[in-house]
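>>> got a predicted structure here, sequence first:
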Amino acid sequence: MDTSPEREDAVEAPVRPIGENGGDFEAVLVDGCLGFGVGMGNGVLILVASLCSTVDLQQGSVVAVATALVVATALRAGQLAADALQTDLGRRAILCCQATASVAAMAALGLSIPLASAALAGVGLVATAFLYGRFLERLARKALMLVFDLAFMYVGLMLLVFSQMAFWYSYAMLFVSVALCAVVSLLFARKPYQYSDLVAAADSKKRSIKVKGNNHTLLLLGFMLSGSLLAFFLGYPPEIVVVALGAAVGLAGIFSLLLEQTDERRYKEALKKSPAFTAALLLLPLPVSPSEVQLALLCAYTCLVSLNVIVLLNAVVETSRFDMISPVWLFGQEGSVFFAGIAVGGVLFSVGGLASGNAPLALYATCAAAVVACAWMQIRVNYQVYPFEPVIETSLDDETRAYREYDGQRKTLWQQKREIACERYGLSPREREILQILLKGRDAKYITDTFYISQSTAKTHIYNIYRKFGIHSRQELLDFIEGIEVSDDSGGLVGAAGDEAV
């Protein structure tokens, strides 16, 4: 058996990402930005139009919360049916669902049935995400970020334009855009893109990172995004509110595009640590501020939360690609938690906004409760995802160096122990790669640079390996692997020190 390091490190060449060179410009522009980005943006525009067409704030609140629940349910159903949806017949069903739901949503909007139009638009959003999931996985990092940034800019721009137009003019423009995206999706489904192998739902579940802090992050951002609903309770006409929210969402896309030209990892890490601070800084002064300042505060709040959502969307696709998880399964799991957070936040902010008309103290209580909830979830994220010792290390200790200097025979035994541990504790293919890197004395910074992933993603994978092994540190990891017993050719066991045990 060849156990040389060169043989051990050999990996199958990955499929080349779409968007790495100029030859993929058409694919990124047409299928990424137009098909997916504008398609998702149209769904959001229909949702906003549905909210604005309600007869009063109470009905609008019901529409917002009910739509979030419908989307969460549809995403969870998609996760449960991931294997069926990944077949050719399943993809055709998703394509039909996307087109039918979008057109039906426009029809319901024209007939002034806001709950139906919003719910159907939500189903269309889910179908679009499932349809383009594997394509998003194939996109190069810069191309993927561009698609999400342009989607937010499109929503912001269209909200600004539609707010200045009569309803039927804006309706006609939106209907044309929806029809165009349906045609692009139909053509996209016929294109022979080269994708990686399909991953079954059972394998996706095994490979997924089971960290409580992930769900808290999704709940936190969904909860915070629903805080933008407070803008409708400030007494301004819907057109003014739409202009304000459109500017906030569009600026989020622009800021994200600009920030990506700087130190991408640093600004993303800063954003991930800022939600609770953002809520405290911008929501607590809201009840005591003049109405003009209140709208400005909510605009800034929506912009910052939208920036965090863009980072979250990139992270979900990155996780699907890096961990080799079915995008349908992962989008269903992560998205359902996110929209559940929107539903919970929608109830809190809607009740507080409705009650503030008769009881001004209700707005104080709502904002204070929201800040406390955000702070609690932020603490859970910070201290549950990485509860153990820091894993970003810049130097190697002497014992780790000694392990790297074993002779060829010792390396063979070490590899056998590693393979036994991987099989026994059910490490995913990506976790096995990371374990191999860790046992060579590398740290999370090296993993971050090698795979070009965020520090939080690298740390989460290391923590998940620690959790499966029941250990807390890198030293314990070395001791754990060293303690694995390996059967020799004579039927005995080789223990930690390499001695034969009968």
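Arrived safely, thanks for sending. Residues are numbered from 1 along each chain as shown.
>>> may I see the buried residues of the longest helix along the chain?
Determined from DSSP state H, the single longest helix within the chain is helix 291-322. Across helix 291-322, burial judged by 16 or more other CB atoms under 10 Å covers 294-295, 297-299, 301-322. Where you see a C-beta, it was placed from the backbone N, CA and C, and this is true even at glycine.
>>> and the next helix-or-strand element following it, what does it pack against?
Per DSSP states H and E, the first helix or strand lying C-terminal to helix 291-322 is helix 327-355. Helix 327-355 sits against helix 57-80, helix 82-85, helix 114-138, helix 201-207, helix 212-225, helix 291-322, helix 361-385, with contacts defined as 3 or more CB pairs under 8 Å, 6 or more residues apart in numbering; DSSP states H and E.
>>> most packed of the ones you listed?
helix 114-138 (a mean of 25; mean count of other CB atoms under 10 Å).
>>> elements contacting that one?
So helix 114-138, by 3+ CB pairs under 8 Å, 6+ apart, packs with helix 39-52, helix 57-80, helix 88-110, helix 167-189, helix 291-322, helix 327-355.
>>> same thing but at 7 Å, please
When contacts are defined as 3 or more CB pairs under 7 Å, 6 or more residues apart in numbering; DSSP states H and E, helix 114-138 sits against helix 39-52, helix 57-80, helix 88-110, helix 291-322, helix 327-355.
>>> now the angle between helix 39-52 and the longest helix of the chain, please.
Helix 291-322 and helix 39-52 meet at an angle of 150 degrees, taking axes from the mean of the first three to the mean of the last three CA atoms, to 10 degrees as the criterion.
>>> any idea how far helix 291-322 is from the middle of the chain?
Relative to the mean C-alpha coordinate of its chain, helix 291-322 is positioned 12 Å out (CA atoms, centre = their mean, to the nearest Å).
>>> what's the answer for stretch 116-135, then?
15 Å.
>>> quick one: mean pLDDT over that stretch.
Averaging pLDDT along stretch 116-135 gives 96.
>>> now do stretch 145-154
Rounded mean pLDDT across stretch 145-154 is 95.
>>> contacts for it?
For stretch 145-154, contacts defined as CB atoms under 7 Å, 6 or more residues apart in numbering pick out 32-33, 36-38, 40-41, 139, 249-250, 252-254, 256-257, 260, 306, 310, 313-314.
>>> rerun at 6 Å
By CB atoms under 6 Å, 6 or more residues apart in numbering, the residues outside stretch 145-154 that reach it are 32-33, 37-38, 40-41, 249-250, 252-253, 256-257, 260, 310, 313-314.
>>> kindly report the same for stretch 272-279.
Residues contacting stretch 272-279 (CB under 6 Å, 6+ apart): 220, 224, 304, 371, 374, 375, 378.
>>> again, but for stretch 310-321
For stretch 310-321, using CB under 6 Å, 6+ apart, the contacting residues are 136, 137, 145, 148, 221, 256, 268, 271, 327, 330, 334.
>>> from residue 327, how far off is residue 66?
In this view, residue 66 and residue 327 are 27 Å apart by CB to CB, to the nearest Å.
>>> scratch that, residue 460
Counting by CB to CB, the gap from residue 460 to residue 327 is 18 Å.
>>> same check on residue 429?
17 Å.
>>> neighbour count for those two, which is higher?
Legend: neighbour count by other CB atoms under 10 Å for residue 429 and residue 327, higher for residue 327 (24 against 12).
>>> now that one, nearest residue through space, not along the chain?
Closest residue to residue 327 apart from its sequence neighbours, by CB to CB, 6 or more residues apart in numbering: residue 133 at 3.0 Å.
>>> quick check: that neighbour touching residue 329?
No - if you go by CB atoms under 6 Å, residue 133 and residue 329 don't touch, sitting 9.3 Å apart.
>>> show me the shaky parts of the stretch 351-500 of the chain.
382-412, 449, 452-456, 487-500 (pLDDT under 70).
>>> what do you get for the stretch 101-250 of the chain?
209-213.
>>> from residue 149, how far off is residue 259?
10 Å.
>>> which one's more surrounded, these two?
residue 149 (23 against 20).
>>> which element, helix or strand, includes that one?
helix 141-162.
>>> gap between that helix and the chain center?
16 Å.
>>> what angle do helix 167-189 and it make with each other?
Going by the same axes, to 10 degrees, helix 141-162 makes 160 degrees with helix 167-189.
>>> tell me who's in contact with residue 39.
Contacts of residue 39 by CB under 6 Å, 6+ apart are 128, 181.
>>> from residue 336, how far out is it?
20 Å.
>>> same question, residue 107
27 Å.
>>> who has more neighbours out of these two?
Neighbours were counted for residue 107 and for residue 336 using other CB under 10 Å; residue 336 has more, 21 against 14.
>>> give me the pLDDT value at that one.
At residue 336, the pLDDT recorded in the model is 95.
>>> that one contacts residue 72, correct?
Yes - taking CB under 6 Å as the definition, residue 336 is a contact partner of residue 72 at 4.6 Å.
>>> show me the protein divided up by domain.
Domain ranges of the chain: 22-193+203-385, 391-501, per automatic domain parsing.
>>> of these, flag the one that's most buried.
domain 22-193+203-385 (a mean of 20).
>>> quick one, helices of the stretch 351-500 of the chain?
361-385, 398-404, 408-424, 429-439, 444-451, 455-469, 474-482 (DSSP state H, counting those that start in this stretch).
>>> in PDB, could you pull the C-alpha coordinates for stretch 51-60?
C-alpha atoms of stretch 51-60 as PDB (Å, rounded to 0.1, in the frame of the first residue of the first chain):
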ATOM      1  CA  LEU A  51     -48.500  44.500   2.000                       C
ATOM      2  CA  CYS A  52     -49.100  47.900   0.600                       C
ATOM      3  CA  SER A  53     -52.500  46.800  -1.000                       C
ATOM      4  CA  THR A  54     -54.000  45.700   2.400                       C
ATOM      5  CA  VAL A  55     -56.900  47.700   3.700                       C
ATOM      6  CA  ASP A  56     -55.300  48.500   7.100                       C
ATOM      7  CA  LEU A  57     -52.200  47.800   9.200                       C
ATOM      8  CA  GLN A  58     -53.900  44.900  11.000                       C
ATOM      9  CA  GLN A  59     -54.500  43.000   7.800                       C
ATOM     10  CA  GLY A  60     -51.000  43.800   6.600                       C
END
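>>> distance-wise, check residue 288 relative to residue 447.
47 Å.
>>> hang on, I meant residue 272
Taking CB to CB, one finds residue 272 at 18 Å from residue 447.
>>> what do you get for residue 258?
Taking CB to CB, one finds residue 258 at 28 Å from residue 447.
>>> next one: residue 36
In terms of CB to CB, residue 36 sits 29 Å off from residue 447.
>>> now do residue 284
Counting by CB to CB - residue 284 and residue 447 are separated by 39 Å.
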